[in-house]
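A.B. asks: coordinates for the following, if possible.
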Amino acid sequence: MKVMPTLEGGLRIDAEGAGDWALLDALAGDAGQSDLARRLGELVTEDEVAEDWREFVVPDLADAFSKDVELVAKRITAAKAGCGGEEGPLWITRDDGDAWYSTLNQARLELEEHYRFGPSEMIDPAEFAPEKRLAFMRSQFYCAIQSLLLDHVIG
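C.D. replies: Predicted structure coming up:
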């Protein structure tokens, strides 16, 4: 897989086959399991605002997160279908940059919540069970795409 900035201020991801598409397909599943809005709401503990936060902010935040994941999943599905799941491009436009960043972030946070990788300087993926190692590699891939989004698309 190759990822490069576009002249229009987006990113182009060149999937080189079924394995790359499988990695991209995993993103929506990793992010879609996230209950990030609720977990963020639990961080608000001040009595005066906690109930209102959970009642009014958390549902809107959950809806926004869900819409971001849906958009990204649709873009991946359309790009994959466009090349028959073989070698082909996936475009991240400037307009979609925030949704992609949100989805990647949700996926990374959910993977960390589930697998508890720990501080990056303490991690040796070779010591992980295969499922955890694959999850860690996805998390690292998501982080790399987020960095490229920050460098070339967002802001």
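A.B. asks: and the helix or strand harbouring Q106, what does it pack against?
C.D. replies: For Q106, the host element (DSSP states H and E) is helix 97-115. Packed against helix 97-115, as judged by 3 or more Cβ pairs under 8 Å, 6 or more residues apart in numbering; DSSP states H and E, are the following elements: helix 18-32, helix 36-42, helix 58-82, helix 130-152. Bear in mind the C-beta positions are built from the backbone N, C-alpha and C, glycine included.
A.B. asks: any idea which residue sits dead centre in the chain?
C.D. replies: Centroid-nearest residue in the chain: L104, 1.6 Å away (criterion: Cα atoms, centre = their mean).
A.B. asks: return the most buried member of the helices and strands packed on helix 97-115.
C.D. replies: Among the helices and strands packed on helix 97-115, helix 18-32 has the highest mean neighbour count (mean count of other Cβ atoms under 10 Å), at a mean of 18.
A.B. asks: surely the residue nearest to the centre of the chain touches A144?
C.D. replies: No: if you go by Cβ atoms under 8 Å, L104 and A144 don't touch, sitting 9.5 Å apart.
A.B. asks: find residues that contact each of those two.
C.D. replies: Counting by Cβ atoms under 8 Å, 6 or more residues apart in numbering, L104 and A144 have no contacts in common.
A.B. asks: output the lowest mean pLDDT helix or strand found in the protein.
C.D. replies: helix 36-42 (a mean of 85; mean pLDDT, DSSP states H and E).
A.B. asks: pull the CA atoms of whichever helix or strand comes after that one into PDB?
C.D. replies: Following helix 36-42 in sequence order, the next helix or strand is helix 47-52 (DSSP H and E). The C-alpha coordinates for helix 47-52 follow below in PDB (Å, rounded to 0.1, in the frame of the first residue of the first chain):
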ATOM      1  CA  ASP A  47     -22.200  17.300  39.500                       C
ATOM      2  CA  GLU A  48     -23.400  20.600  38.100                       C
ATOM      3  CA  VAL A  49     -22.700  19.600  34.500                       C
ATOM      4  CA  ALA A  50     -22.300  15.800  34.400                       C
ATOM      5  CA  GLU A  51     -26.000  14.900  34.000                       C
ATOM      6  CA  ASP A  52     -26.600  17.500  31.300                       C
END
